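Student: here is my input, please return the structure:
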Amino acid sequence: MLLLNKQDIEKSFTMKDAIAADKEALSLYSMGAASVPLRTNIDIPKYHGQSLYMPAYVDDRHGTLGVKIVSVYPENIKHGLPSVPATMVVLNPETGIVSACLDGTYLTQLRTGAVQGAATDLLARKDAKIAALIGTGGQAASQLEAMLTVRKIEEVRIFDINFERATEFAAAMAKKFAVKVLAKKTSKECVEGADIITTVTTSRKPTFAAEWIKPGAHVNGIGAYTPEMCEIPKELIKIAKPIIFDMMDGVLAEAGDFISPLKSGYVDKAQYTGELGQLVNGDIAGRQNEDDITIFKTVGTAALDIMVAGKIVDQAKAKKIGVEYKF
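Tutor: This is a model prediction of the structure:
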């Protein structure tokens, strides 16, 4: 069994690699070549926690099988422990034997940033220069890296409800990526004139107004993963085209900003164009005009976790990275 921590993964696999892996995973998912059972959630009331199990099998060339275990224990922070620890378990599909264990927290950040990068690569204008990022939580750095990976960004604007946090994040990212990064005091200042807007929060109301978004912009909705949450204004959803999801069923079951306008009749389901995998496969069209405002929404799928994890393990073995453990 191969053991890989965050540092091992960083040495083995790049954001560019992860973007390619996510495209492949969603391509196979949309072709029906992935089995992704419903997530199993177990409440642990005695310790105010929850344990979640996300299995998947992707029928790629060799087959990739695994399960991500994610725990949500808010009180862990009192003990200096992560409140949302995660571990990825990869199995050999031929034998069912566990072949690797990976840092699931970093894997989640990597594959979630990468799926946004995949969508931005396929939907944003090629001449995009200004990026906006709303939210500076645990997912923010990988979201920024993904945008920088697929477009030659000259300026990045950061907004967070806590300006001090936005300023600290901007300074850290400017050093890490050697790009102009500016903290903004308002969401409007952040998104006005931006070519790519990525919002990654747990907000229950839109994080920006539709009228602030310029023609030709591409918008990524990465947070808002419950029916009560909302990041993208319905007025923008009304006029955007195409609107692409990672999974149609997943978004329409979990993402409040797309469920609510559909339920109220404000938009018709026909306005939701299809899945990113369908776009990768050439089954649906992407951006048609330079002035179109395009939207991508993701709620995540274990197919992404297992595909990226499987390729990380292959690369790590080839580069002899990680620790081999025998029972």
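
Student: list the buried ones in the helix of greatest length in the chain?
Tutor: In the chain, taking DSSP state H as the definition, the longest helix is helix 104-123. Neighbour-count burial for helix 104-123 flags 104-123 (criterion: 16 or more other Cβ atoms under 10 Å). C-beta: built from backbone N, CA, C; applies to glycine.

Student: also stretch 56-67?
Tutor: For stretch 56-67, burial by neighbour count (16+ other Cβ under 10 Å) applies to 56-58, 60, 64-67.

Student: kindly report the same for stretch 73-93.
Tutor: With burial defined by 16+ other Cβ under 10 Å, the residues of stretch 73-93 counted as buried are 73, 76, 84, 86, 88-91, 93.

Student: nearest to K214 among those residues?
Tutor: Closest approach to K214 among the buried residues of stretch 73-93 (Cβ to Cβ): V84, at 35.1 Å.

Student: the nearest residue to the closest one once chain neighbours are set aside and I44, how far apart?
Tutor: Nearest in space to V84, with sequence neighbours left out and distances taken as Cβ to Cβ, 6 or more residues apart in numbering, is V72 at 5.6 Å. Noted for V72: a distance of 10 Å to I44, by Cβ to Cβ, to the nearest Å.

Student: kindly report the same for I130.
Tutor: Between I130 and I44 the computed distance is 45 Å (Cβ to Cβ).

Student: neighbour-wise, which of the two wins?
Tutor: More crowded of I130 and I44, by other Cβ atoms under 10 Å: I130, with 20 against 12.

Student: okay, the more buried one: pLDDT?
Tutor: Per-residue pLDDT puts I130 at 98.

Student: now it. Its backbone dihedrals?
Tutor: phi -110, psi 130 (degrees, to the nearest 10).

Student: relative to I213, how far out is it?
Tutor: Applying Cβ to Cβ to I130 and I213 gives a distance of 12 Å.

Student: and if you look at Y272?
Tutor: Distance of Y272 to I213, given as Cβ to Cβ: 18 Å.

Student: who's in contact with stretch 135-149?
Tutor: Contact partners of stretch 135-149, identified using Cβ atoms under 8 Å, 6 or more residues apart in numbering, comprise 15-16, 19, 105, 109-110, 112-114, 116-117, 120, 131, 133, 153, 156, 158-160, 162, 165-166, 169, 173, 176-177, 179, 196, 198-201, 207, 220, 222-223.
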